[in-house]
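Asks: structural data only, the sequence is not supplied:
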């Protein structure tokens, strides 16, 4: 999307369904528009990019990152004295759904689809373990992240006393009755695992 507008000819990107993580594409298109490049959808799975376009300078503000902010909002749910600001609730970022998902987890044992927000998986699993559990669908891509995030979180959450069941495209976390970890925690070489465990350990460490 960044490179094709610079070509002499027009281009077309055809997405093979299912179209997962679409919010990231929409965010990119919005960013391109900010700098003078126009891209449009021909239909739900086809993106048209006119050639011979040029980027132009613009004064703009970079909004807060909801993917990283999810850990802060999780901390504020565990520690009400913490307040978080600076995040745009009208953002195109798919991970802004973390607020809605945290509330559903706190309310009790929901089923949540994370196919458009897989980066939220680890912190959602951690919060589900702390409260009353949850089932997550759309989880198969967690295997191809910096770690196998579902398996990594299963291994680590069990050290807190949680139970995690992993299926082909779903994860079920049984919540409640947690304790201080009985073994040394591992980040599995993945920063989102580390931050999720640190959030949980802030109450149980």
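Replies: Received, thanks. The structure presented is a predicted model; accordingly, all values stated were derived computationally and were not measured.
Asks: so how far is residue 172 from the residue lying closest to residue 166 once chain neighbours are set aside?
Replies: Spatial nearest neighbour of residue 166, excluding adjacent residues (CB to CB, 6 or more residues apart in numbering): residue 150 at 5.0 Å. C-beta coordinates here come from the backbone N, C-alpha and C atoms, glycine included. For residue 150, the distance to residue 172 equals 11 Å [CB to CB, to the nearest Å].
Asks: which residues are common contacts for those two?
Replies: residue 164 (CB atoms under 8 Å, 6 or more residues apart in numbering).
Asks: between those two, tell me which one has more neighbours.
Replies: Between residue 150 and residue 172, counted using other CB atoms under 10 Å, the more crowded position is residue 150 (25 against 18).
Asks: the more buried one reaches residue 170, doesn't it?
Replies: No - judged on CB atoms under 8 Å, residue 150 makes no contact with residue 170 at a distance of 9.3 Å.
Asks: who touches both of those two?
Replies: Taking CB under 8 Å, 6+ apart as the criterion, residue 150 and residue 170 both touch residue 139.
Asks: distance-wise, check the closest residue to residue 169 other than its chain neighbours relative to residue 186.
Replies: Of all residues not flanking residue 169 in the chain, residue 140 sits nearest, at 4.4 Å (CB to CB, 6+ apart). Remark: distance between residue 140 and residue 186 (CB to CB) = 23 Å.
Asks: show me where this structure has its helices.
Replies: 22-34, 66-78, 98-107, 121-130, 149-158, 191-204 (DSSP state H).
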